[in-house]
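Engineer: turn this into a structure:
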Amino acid sequence: MDGNTSAFFNAQIDKLRLLRRTARGEVWLALWKPERVVVWKRIHATGLPYAILAEHPHPLWPAVLCCAEDGADTVVVEEYAEGEPLSARLSAKRFLEEREAADILTQLCDGLAVLHGLGIVHRDIKPSNLILQNGTVRLIDFDAARTVKEEQPEDTALLGTKGYAPPEQFGYGQTDARSDLYAVGVTMKKMLGPEYRGWLSPILEKCTELDPKRRYASAAELKRAVLMRRRWAKAKIACPVLLAAFVGAGLYFLPPQYVPSPAASVETQPAQTETVQPPNEEPVAQMPKTVEKETEKAGTEAENTEIFAEVPQEMEREQGVKQVEEPAAEQQSAETAPPKVLTADEEAEAFLALFKDDPEKLREWKDRKDIEFYSIAKQHLSPQEAEDAKRDAVNMLRRMELGRRAEAFEKTIPKNLTPDEKGRIFNEFVFEQIEILGITDF
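Structural biologist: Have a look, this model is predicted:
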């Protein structure tokens, strides 16, 4: 636009309140006629990327309604991003919870991936430029932003906020996407508080490496790291809790024939003679006579096998006065002997054998086990609770298998790689396996 730019904006804008005035320009809260509240800026610089932002709107940054260069200045009218700046929370020492910080990080990564894809680097990410709106983060103040020029060895203008901007932003090289990730890392460190030592710490340490080559290469890579670490952090808590809950409720992942049935408890037991135990020896458990006979017939194989519920007909025979079978029955052939009851470890091994070399077999196992598990769970839980328990049980076993695969894969990574290269390869493998195994609700 020509020299009439100022006159045009003066006719369209009513300035309400001065928000900021610096050597680089001024920012006003204004009324864009007839009634829209906006932010009006006059920046003493040209070549800013506001026109690109206007053509590519995104939830992360305010919508650019109008922008024009007026001589040596740039005039911008943009959406007013109302909310609480992170700087207000930082000043009040109301530090972010770990979950909040992770959510903000993932939102920032989504928006920065788009921004960097447009060839724009913000160069001034800090708490005062991050606004929270009902859980959504907004990034404002693109006055220091620039477009990346591959042939340029360093930035022509040294802008940004000391303490948040990386070394290359002050004359040590050209800024790029990794420079914004550095500022994100510093911001999140401050917002989590000085005492924070949680699972986000190693991620933020990598973001703030002095050497750009040692940082995450992109916002997408940073987001993958956050998601993977969050899943593993949840898994460390969820797996033991779920396992204890299912075992305690008698709802383990075995078919019904391996689960003790309430009918298996005999209300009236044959008279037992009390056994006097020698001193310092473990008590000897007394079994019904019929069970003792069956144990003798089973021989050595039955010594290490727990006896679970028999079918009702067999139980009725045991509870009645019917005598033990004739000695001739002891000569049954191996073909007619009852199948061996698997222990929990043996059941787990059999389960792993089904799909450890073929992930698709896990799906088949899930369909079959879902029916078996549901038949047990529905006896103790409401229909919705049974469905939830079934889903959680399947997901837990998948996570256990993911852990085994990850542990095995880690041993195959070449030892001559750098820690960053090893981490990237490992992360990619884990995410691939998560998709293959169909893990949800992690």
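Engineer: low-confidence stretches in the protein?
Structural biologist: Counting by pLDDT under 70, the ranges of the chain that qualify are 1-4, 148-160, 171-173, 234-381, 386, 440-442.
Engineer: make it 90
Structural biologist: 1-13, 23, 32-35, 70-71, 135, 143-163, 165, 167-175, 210, 227-442 (pLDDT under 90).
Engineer: ranges for the helices of it?
Structural biologist: 5-12, 50-55, 86-91, 98-117, 177-192, 201-207, 219-248, 289-298, 312-319, 344-355, 360-377, 383-410, 419-437 (DSSP state H).
Engineer: how about the third one: buried residues?
Structural biologist: Same thing as helix 86-91. Going by neighbour count (16 or more other CB atoms under 10 Å), the buried part of helix 86-91 is 86-87, 89-90. For every residue, glycine as well, the C-beta is placed using N, CA and C.
Engineer: the strands in the stretch 1-150 of the chain, which residues?
Structural biologist: Assigned by DSSP state E, counting those that start in this stretch, the stretch 1-150 of the chain shows strands spanning 13-22, 25-32, 36-43, 64-70, 73-79, 84-85, 120-121, 130-133, 136-139, 146-147.
Engineer: right, and those - which one's nearest E407?
Structural biologist: The stretch from the strands of the stretch 1-150 of the chain with the least distance to E407 (CB to CB) is strand 136-139; that distance is 35.5 Å.
Engineer: number of residues surrounding E435?
Structural biologist: Counted with other CB atoms under 10 Å, residues neighbouring E435 total 9.
Engineer: and W32, by the same measure?
Structural biologist: 20.
Engineer: show me what it is bridged to.
Structural biologist: W32 has these beta-bridge partners by DSSP bridges: I13, R36.
Engineer: can you start the count at 825 instead of 1 from here on
Structural biologist: Sounds good: first residue 825 from here, last item W856.
Engineer: correct me, but it touches K839?
Structural biologist: No - under the criterion of CB atoms under 8 Å, W856 makes no contact with K839, lying 10.9 Å away.
Engineer: A1230 is nearest to which of the strands of the stretch 825-974 of the chain?
Structural biologist: Nearest of these (CB to CB): strand 960-963, 31.1 Å.
Engineer: name the helices or strands packed onto that closest one?
Structural biologist: Strand 960-963 is packed against helix 922-941, strand 954-957, with contacts defined by 3 or more CB pairs under 8 Å, 6 or more residues apart in numbering; DSSP states H and E.
Engineer: can you lay out the ones you listed as TSV showing mean neighbour count?
Structural biologist: As requested, the helices and strands packed on strand 960-963 are exported to TSV (neighbours: other CB atoms under 10 Å):
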stretch	mean neighbour count
helix 922-941	19
strand 954-957	19
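Engineer: can I get those in TSV with distance to Y1006?
Structural biologist: Listed next are the helices and strands packed on strand 960-963 as TSV, based on distance: least, CB to CB, whole Å:
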stretch	distance to Y1006
helix 922-941	12
strand 954-957	15
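Engineer: the ones you listed: which one's closest to I1237?
Structural biologist: helix 922-941 (25.1 Å).
Engineer: list the contacts of the closest one.
Structural biologist: 880, 882-885, 920, 945-946, 949, 954, 956, 959-961, 963, 1000-1001, 1004-1005, 1008, 1012, 1015-1016, 1020, 1022-1024, 1042-1044, 1046-1047, 1050-1051, 1054 (CB atoms under 8 Å, 6 or more residues apart in numbering).
Engineer: is it possible to mark the buried ones in those?
Structural biologist: The buried subset of the contacts of helix 922-941 (16+ other CB under 10 Å) comprises 882, 884-885, 920, 945-946, 949, 954, 956, 961, 963, 1000-1001, 1004-1005, 1008, 1012, 1015-1016, 1020, 1024, 1042-1044, 1046-1047, 1050-1051, 1054.
Engineer: need the contact list for V1050.
Structural biologist: V1050 touches 926, 929-930, 933, 1024, 1027, counting by CB under 8 Å, 6+ apart.
Engineer: without its sequence neighbours, what residue ends up closest to it?
Structural biologist: L929 (5.2 Å; CB to CB, 6 or more residues apart in numbering).
Engineer: how is the chain partitioned into domains?
Structural biologist: Partitioning the chain according to automatic domain parsing yields domains covering residues 834-903, 908-1059, 1073-1080+1167-1261.
Engineer: which of these is buried the deepest?
Structural biologist: When the domains of the chain are scored by mean count of other CB atoms under 10 Å, the highest mean neighbour count falls to domain 908-1059 (a mean of 18).
Engineer: beta partners for the residue nearest to S830 when sequence neighbours are not counted?
Structural biologist: Closest residue to S830 apart from its sequence neighbours, by CB to CB, 6+ apart: D894 at 6.2 Å. D894 has these beta-bridge partners by DSSP bridges: D897.
Engineer: pretty sure D894 is touching T829, no?
Structural biologist: Yes - using CB under 8 Å, D894 is in contact with T829, at 3.9 Å.
Engineer: pull up the gap between the closest residue to L872 other than its chain neighbours and D927, please.
Structural biologist: Leaving aside its chain neighbours, L872 sits nearest to T898 (5.2 Å; criterion: CB to CB, 6+ apart). Distance, T898 to D927, using CB to CB, to the nearest Å: 33 Å.
Engineer: and for A912?
Structural biologist: 18 Å.
Engineer: tell me the contacts of the residue nearest to N958 when sequence neighbours are not counted?
Structural biologist: Nearest in space to N958, with sequence neighbours left out and distances taken as CB to CB, 6+ apart, is G907 at 7.7 Å. G907 makes contact with 955-958, 962, according to CB under 8 Å, 6+ apart.
Engineer: and the closest residue to E908 other than its chain neighbours, what does it touch?
Structural biologist: Nearest non-adjacent residue to E908, counting by CB to CB, 6+ apart: L956, 5.0 Å away. L956 makes contact with 907-910, 928, 962, according to CB under 8 Å, 6+ apart.
Engineer: now with 7 Å?
Structural biologist: Applying CB atoms under 7 Å, 6 or more residues apart in numbering to L956 gives the contacts 907-908, 910.
Engineer: run through the bridge partners of it.
Structural biologist: Under the criterion used (DSSP bridges), L956 bridges to E908, V961.
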